[in-house]
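Q: A predicted structure for the sequence below; I have some questions about it.
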Amino acid sequence: MASPHQTHPIDSRSTDQLAAHSLQLRLVDTFDVAAHGNWLQADARGFHAALPHDDDLAQLASAVADRRTTGVFDATAKQPDTPVATVSSWPAELTVSPGRTVSTWAISSVTVAPTHRRRGIARALIEGELRTAAAMGHPLAALTVSESTIYERFGFGAAAFGTNWTIDTRRTGWAGRSASGRLHFVIAAQTRDELCAVFDRARLHVPGELQVWDGLWDTVLGLAPDLLDSESRSAAERGRSLRVVRYDDESGVAQGFAIYSVSGGDSDFSAHQVDLQYLLAASDDAYSALWRFIIEMDLVTLVKATLLSVDEPLAWQLSDPRAATVTRDSHLWLRILDVVAALEARQFGTAQFGAAPLSTAVTVGLEVSDPLDFTTGRYLLEVDELGAGKASRINELPTHAAALTLGITELSSIYLGGVSAATLVRAGRVTEHRAGDAIAVDQLFRASRAPRLSVWF
């Protein structure tokens, strides 16, 4: 049975915009094998990926069957049943402060065929998704991007950043803690449910982590095909190259996993490379044990990992931090659609870290502009001593409180606490009404750990 988000009416404004170019915007029935298969082929083509193996197509389709799946069709094309543009979306819970989540409209698979560029298709798709999300009552929309220059025009802001690490293990050793638990090699097919459970515990403590679909773990563990696998390998081929290690605490409870592959060593068997596909840790001990295992692996000289946080403890656990080359990029982009609901969903100040309550209640004013006019207006955020926020629309900003004038892009970036309002003031992106107002806002919004999203979607 289809879910409400799958059957919500298609956006009429976007439909009309595309009809003016003789294009049809319509929902794709994910239970129609042929129609969904054509959509998946178009999705792969849009990201310049190899077309899925026939044997893998059914598994790919099953993993995303509960998404709202939309295509743009050209009746005059040689393949009129294959969309010339795609997008998929679904509701998911996003962690916005420790232990707190908010319903978020996740947007994925935004593609436009090269044959149909410059016809306003991407704009119609994204704006239609945002109107659909707002109509269904989701305070936020989220996506991960392949092109970072596209989404600010729609009000998205970079809210969580990822880092890519290359570690020369010949130059460094382990200088971190020694964990008290135990590591085990495990069989991927037998550990999937445990991994899901550990992730669902861990994600609630990390702003920016998103509730993910179960099929993702099949892909991560090599049990299912990866649509964007650069080598176009089948699930079986990918699975054979992966190893899975589990960390159990002293009580024998699973607290983390490392999933990796090993390559190289052809000309020098002592010089292999480890590609860390995913590291999940629900405790500091699990984090240390798994990273130590990776760093100290015999016959390995290079370790590569992606989508790590910008404040990884690992930087302080290597005996020579300069052995690691680290690059940073934007990863999770957020778009606030309902300022009041978004602000009231999270906690503020030191109370969110389990520290002492605020010494007094704090009030902040926000004057927000929005290119699509979902959120344009003035808002008052009142935070009590326990860090709970109450937000409301107001006519005039208070003169007694810190206040900022900013776009919805900037507010969306600041929202999780990983981007500083004071930095955006210095960059000319935010205006403070009095000197120091941005610092006051940062003291409320800052997070105890940098926001991070550990997956693509």
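A: Yep, that arrived.
Q: going forward, measure contacts between C-alpha atoms and count neighbours the same way
A: Will do.
Q: can you give me the helices for the stretch 251-400 of the chain?
A: Taking DSSP state H, counting those that start in this stretch as the criterion, the stretch 251-400 of the chain carries its helices at 284-295, 339-345.
Q: Sorry, slip of the keys, the one I care about is the stretch 101-250 of the chain.
A: 121-135, 188-202, 215-220, 235-241.
Q: export the helices of the stretch 251-400 of the chain to CSV and tack on mean neighbour count, distance to Arg182 and mean pLDDT?
A: As requested, the helices of the stretch 251-400 of the chain are arranged in CSV below (neighbours: other CA atoms under 10 Å; distance: least, CA to CA, whole Å; pLDDT from 0 to 100):
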stretch, mean neighbour count, distance to Arg182, mean pLDDT
helix 284-295, 20, 8, 98
helix 339-345, 21, 38, 98
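Q: mind giving me a markdown table with the helices of the stretch 101-250 of the chain and columns for mean pLDDT, distance to Leu25 and mean neighbour count?
A: A markdown table is the format used below for the helices of the stretch 101-250 of the chain (pLDDT from 0 to 100; distance: least, CA to CA, whole Å; neighbours: other CA atoms under 10 Å):
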| stretch | mean pLDDT | distance to Leu25 | mean neighbour count |
| --- | --- | --- | --- |
| helix 121-135 | 98 | 9 | 20 |
| helix 188-202 | 97 | 35 | 16 |
| helix 215-220 | 94 | 27 | 18 |
| helix 235-241 | 81 | 32 | 16 |
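Q: mind putting those in a markdown table, distance to Asp11 included?
A: Compiled in a markdown table, these are given as follows (distance: least, CA to CA, whole Å):
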| stretch | distance to Asp11 |
| --- | --- |
| helix 121-135 | 5 |
| helix 188-202 | 33 |
| helix 215-220 | 28 |
| helix 235-241 | 36 |
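Q: Isn't Asp370 up against Gly155?
A: Yes. Taking contacts as CA atoms under 8 Å, Asp370 lies within contact range of Gly155: 6.8 Å.
Q: if you count what's nearby, which of these two comes out ahead?
A: Gly155 (26 against 18; other CA atoms under 10 Å).
Q: Quick check: pLDDT value at that one.
A: Note on Gly155: pLDDT of 98.
Q: mind listing what the closest residue to Arg240 other than its chain neighbours touches?
A: Of all residues not flanking Arg240 in the chain, Gly222 sits nearest, at 7.7 Å (CA to CA, 6 or more residues apart in numbering). Gly222 makes contact with Ala188, Ala235, Ala236, Arg238, Gly239, Arg240, Leu242, according to CA atoms under 8 Å, 6 or more residues apart in numbering.
Q: Could you list the residues in contact with the lowest-mean-pLDDT helix or strand in the chain?
A: For the chain, using mean pLDDT, DSSP states H and E, the weakest element among its helices and strands is helix 235-241, scoring a mean of 81. Helix 235-241 is contacted from outside by Asp56, Thr219, Leu221, Gly222, Leu223, Ala224, Pro225, Asp226, Ser261, Val262, using CA under 8 Å, 6+ apart.
Q: if I pick the fifth one, what's in contact with it?
A: Translated: Leu223. Ala188, Ala189, Ala235, Ala236, Gly239.
Q: switch to 10 Å and redo it
A: Residues near Leu223 by CA atoms under 10 Å, 6 or more residues apart in numbering: 59, 188-189, 192, 215-217, 234-240.
Q: Would you mind measuring from it to Thr191?
A: 11 Å (CA to CA, to the nearest Å).
Q: quick one on the thing from earlier: let's see which of the contacts of helix 235-241 end up in strands.
A: Using DSSP state E, the subset of the contacts of helix 235-241 located in strands is Ser261, Val262.
Q: and which of the contacts of helix 235-241 is nearest to Cys196?
A: Leu221 (11.2 Å; CA to CA).
Q: How much space separates the residue nearest to that closest one when sequence neighbours are not counted from Asp249?
A: Spatially, and ignoring its direct neighbours in sequence, Leu221 is nearest to Ala188 (5.8 Å; CA to CA, 6+ apart). Going from Ala188 to Asp249 by CA to CA gives 20 Å.
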